[in-house]
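Q: one predicted model, sequence on top.
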Amino acid sequence: MPKTFQCPNCGAPVDLDASSDPVIPCPYCQTAIIVPEDLRTRLPRATEEPFAATHGSQAAIFTETAEDFFRQENLGRLREMADLARSGEVEKAAAIYADIFGTSRDVARLATQRLSEGKPVAIAQTSGSEGAQLAQVFTVESRQTLVDQQVATRKAAGVAAATVGGISCVSLAALIIILGVTIVPIFFALLSPGGPLEKIGARLNPLAFARLDLSFGGEGTGAGLFDDPRGIAIDPAGNLFIANYSDGRVQSFDLSGNYQLLWNIGAEQYVKSMAADRDGNVFMVYKGDIWKYRGADGQLIAQIQHPEDEWIEAIAATADGGLLAAVTTDDVLRFDASGELVWSLPGAAEDADTVEDLAVDGVGNIYLLTRSEAIIVLSPEGRLLSRFGSSGDEPGQLRAVGAIAVDGQSRIYVSDIKGIQVYQPDGRYLDLIDVPGYAFGLAFDSQGGLWVVSNEPAIIRYRIVK
């Protein structure tokens with residue numbers, strides 16, 4: 001029964017019977033076709049020469065498969081063979097041909113002669129259990145085409161990779177832009193003052209003048225909790241004292257925020273100001289007088305009054321163990337460590353209204369903060385050194401002032417509704433520290449940490465980083 005396969009050149013059906021030769025012409029396109037090996041009985045090499053002699057230049061017999069023909073390592077030799085055939089050196093070309101495909105020299109000579117004339121030599125091969133056909137047609141021109149196709153394929157792959165890479169870069173850039181426009185502003189809003197992550201932002205902000213270092217407290221009546229805290233004082237031993245405004249509770253902590261002690265001075269005392277001396281005594285201003293307590297146990301030691309019974313508004317401890325006091329008449333009083341009046345400076349605030357708070361630096365200079373948003377600097381003897389500050393909403397201007405403190409470099413810190421504004425010793429505006437809530441009290445410890453009493457209520461420590 002005859003078998004049928006397709007011509008690899010034109011696709012026409014080609015009938016094959018048992019007597020068919022290994023190489024037959026296509027009845028339609030006349031291309032010499034090598035019969036697939038699984039459709040014919042392998043001829044011994046001895047029959048090749050009579051077959052070639054019979055068919056002349058119409059055929060060339062390959063003893064290897066089409067895959068062998070187009071193996072990468074053969075392509076260079078095929079190019080050399082084609083060049084030799086084209087230049088008329090058929091013998092040399094035939095030698096390479098015979099070596100590659102394992103044919104006799106006569107068959108190789110016929111094949112290379114046909115290739116040199118630009119005529120196709122067809123190779124047909126079947127593979128797989130279904131007898132699916134694989135076909136290729138090879139000529140001198142198609143050999144170069146194959147090489148060119150491989151080069152083009154590599155270039156196309158490179159272009160595709162570059163295109164994918166470019167698309168990836170564009171996609172990444174678009175993603176970054178989307179994040180920058182949407183998520184990043186939201187993130188910074190969460191970290192900004194008033195946001196739910198405000199304290200985290202204050203701890204991490206690398207550009208801040210001061211970085212939040214510690215925060216503790218909360219609302220309540222238990223140990224370490226507060227109800228409207230306003231007074232703050234730190235003694236040289238590192239004991240921190242916090243007084244509520246109206247319920248009489250005074251608590252002490254170490255500088256890590258650990259609770260130590262609580263005592264009560266009585267309800268409705270309305271603590272206005274607070275200070276601590278080098279001996280660990282705590283001074284509080286309420287009912288217009290200064291009340292002295294022993295910080296270790298909260299025992300009341302003494303009551304210090306104005307000589308003319310004027311109302312005292314604010315106090316600050318001096319380096320020698322004494323006290324400075326500001327009164328409603330704008331006078332400034334100085335007391336020694338025993339509570340005796342040393343001197344009085346009438347009208348120290350000049351034409352300003354009541355002094356809201358006062359502070360003293362390491363050399364004894366006195367800093368008065370008035371309710372008219374003015375800062376007045378006096379020498380230790382009470383001589384006017386400078387005056388600056390004004391009311392407003394611009395940087396450096398003040399509104400609703402609360403407290404004043406001075407650091408070891410004589411920089412001045414003033415709390416208002418904006419936060420804590422910082423000034424150089426000569427009064428030039430320096431920076432703003434954002435504070436959760438409103439800062440009622442300020443104090444520096446011996447390590448340079450800035451402590452803040454906030455109405456959150458919370459006790460906060462900042463590390464100055466600039």
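A: Done, it's in.

Q: okay, now the unreliable bits of this structure?
A: 1-2, 17-23, 30, 32-38, 40-75, 102, 118-168, 181-204, 350-353 (pLDDT under 70).

Q: what is the burial count for Lys292?
A: Counted with other Cβ atoms under 10 Å, the neighbours of Lys292 add up to 18. Quick note: C-beta positions are derived from backbone N, CA and C, even for glycine.

Q: brain fart, Tyr438
A: Based on other Cβ under 10 Å, the number of other residues close to Tyr438 is 19.

Q: what do you get for Ile265?
A: For Ile265, the neighbour count with other Cβ under 10 Å is 18.

Q: go on, Ser252?
A: 23.

Q: so who does it touch?
A: Applying Cβ atoms under 8 Å, 6 or more residues apart in numbering to Ser252 gives the contacts 239-242, 259-262, 295.

Q: which of those lies closest to Phe5?
A: For the contacts of Ser252, the closest approach to Phe5 (Cβ to Cβ) belongs to Tyr259, at 97.7 Å.

Q: surely the closest one touches Gln251?
A: Yes: Tyr259 is within contact range of Gln251, at 6.8 Å (criterion: Cβ atoms under 8 Å).

Q: can you flag the buried ones in the contacts of Ser252?
A: Among those, those that count as buried by neighbour count (16 or more other Cβ atoms under 10 Å) are 239-242, 295.

Q: dump the residues you listed to JSON lines, plus secondary structure.
A: Output for those, formatted as JSON lines (DSSP: H, G, I helix; E, B strand; the rest coil):
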{"residue": "Asn239", "secondary structure": "coil"}
{"residue": "Leu240", "secondary structure": "strand"}
{"residue": "Phe241", "secondary structure": "strand"}
{"residue": "Ile242", "secondary structure": "strand"}
{"residue": "Gly295", "secondary structure": "coil"}
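
Q: find the residues that touch each one of Tyr259 and Gln251.
A: Here Tyr259 and Gln251 share the contacting residues 223-224, scored by Cβ under 8 Å, 6+ apart.

Q: sorry, back to before: which of the buried ones among the contacts of Ser252 sit farthest apart?
A: In those, the most distant members under the criterion Cβ to Cβ are Ile242 and Gly295, with 12.0 Å between them.

Q: gap between Gly238 and Ala317?
A: 15 Å (Cβ to Cβ, to the nearest Å).

Q: these two: who's more crowded?
A: When neighbours are counted by other Cβ under 10 Å, Ala317 comes out ahead of the other of Gly238 and Ala317, with 24 against 13.

Q: shouldn't that one be in contact with Ser273?
A: No: between Ala317 and Ser273 no contact is recorded; they are 10.9 Å apart, counting by Cβ under 8 Å.

Q: shared neighbours, those two?
A: Counting by Cβ under 8 Å, 6+ apart, Ala317 and Ser273 have no common neighbour.

Q: re earlier: which of the contacts of Ser252 sit farthest apart?
A: Among these, the pair separated by the greatest distance (Cβ to Cβ) is Tyr259 and Gly295, which sit 14.4 Å apart.

Q: using TSV, lay out the buried ones among the contacts of Ser252 together with distance to Ser454.
A: Listed next are the buried ones among the contacts of Ser252 as TSV, based on distance: Cβ to Cβ, whole Å:
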residue	distance to Ser454
Asn239	20
Leu240	14
Phe241	16
Ile242	11
Gly295	22
